[in-house]
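Chemist: need a structure here:
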Amino acid sequence: MCGRFTLTADLDRLAQHFAFRTTNLVYTPRYNIAPSQPVLTLINEGEPRVELLRWGLIPSWAKDPAIGDRMINARAETVAEKPSFRRALQKRRCLVFADGFYEWRKEGKKKVPLFITLKSRAPFAFAGLWETWRSPDDKTIRSCTIITTTPNTLMESIHNRMPVILPREAEQRWLDRTIEDPQTLLPLLTSYPDQAMQAYVVSSLVNSPRNDTPACVKPV
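Modeler: Residues are numbered from 1 along each chain as shown. Next comes the predicted model:
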């Protein structure tokens, strides 16, 4: 799964990297992003736009928004079949910006936190889905989930899942609203090349989402 990640690049760098126009959006670098918090995404509703979405997808038909707490991830193998995700896969795909993520490796009775990045330390995009939920009193929540897949060689020694990091050439295809066929989209949801990634042990500070400082990504 993917339960914590970072986005420390400034907005100008992200705009240059992902080719979007900056807006009046208020955004600060984050070192320990946790579920239910806002995450920076790129969506396409006729034109690409950056937006902060709540992490934890709330289906439009849900009666209780708390369901989003259990939907921070969607499995690539079943995303086209699950009622919570299949319509979003066709109609509402997004890029979730990141530049690293955390995973916990079991070592005996302990779980050791590791920080995983690209070797280039460049920002990247998780494959995501998004939805709009409206309450009976017309409150609106826009939310998203991150798709996971089987691990590459680097990740399989750490965890049995990893988030889908889209290669640069797949990002625009993932956002293309003219593509709705799952059989065209599902091949994009593969593990990222392990030779382009690195992982190292970090402090247990990251165990608490209250800790959101550069110390979270410092090697130990």
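Chemist: Show me which positions of stretch 144-156 end up buried.
Modeler: Of the residues in stretch 144-156, those scored as buried under the neighbour-count criterion (16 or more other Cβ atoms under 10 Å) are Cys144, Thr145, Ile146, Ile147, Thr148, Thr149, Pro151, Asn152, Leu154, Met155. Where you see a C-beta, it was placed from the backbone N, CA and C, and this is true even at glycine.
Chemist: Looks like the fourth one contacts Ala74 (just checking).
Modeler: Yes: with contact defined as Cβ atoms under 8 Å, Ile147 and Ala74 form a contacting pair (5.0 Å).
Chemist: Now for those two: what residues contact both?
Modeler: Taking Cβ atoms under 8 Å, 6 or more residues apart in numbering as the contact criterion, the common neighbours of Ile147 and Ala74 are Leu129.
Chemist: neighbouring contacts of stretch 39-55?
Modeler: 7, 14, 18, 20, 22-23, 25, 27, 33-38, 68, 72, 92-97, 125, 128, 130, 141-146, 175-177.
Chemist: Narrow those to those that are buried.
Modeler: By neighbour count, with 16+ other Cβ under 10 Å, the contacts of stretch 39-55 hold 7, 14, 18, 20, 27, 33-35, 38, 68, 72, 92-97, 125, 128, 130, 141-146, 175 as buried.
Chemist: Contacts only, for the nearest residue to Leu11 once chain neighbours are set aside.
Modeler: Nearest residue to Leu11, sequence neighbours excluded (Cβ to Cβ, 6 or more residues apart in numbering): Tyr27, at 5.2 Å. Under the criterion of Cβ under 8 Å, 6+ apart, the neighbours of Tyr27 are Leu11, Leu40, Leu52.
Chemist: So which residues of the chain form helices?
Modeler: Along the chain, counting by DSSP state H, helices occupy 11-18, 86-91, 153-156, 168-175, 182-185.
Chemist: quick one: which of those helices is nearest Pro214?
Modeler: helix 11-18 (16.5 Å; Cβ to Cβ).
Chemist: nearest to Ser208, of the helices of the chain?
Modeler: For the helices of the chain, distance to Ser208 was read as Cβ to Cβ. The smallest value, 23.5 Å, belongs to helix 153-156.
Chemist: Kind regards, and thank you for your time.
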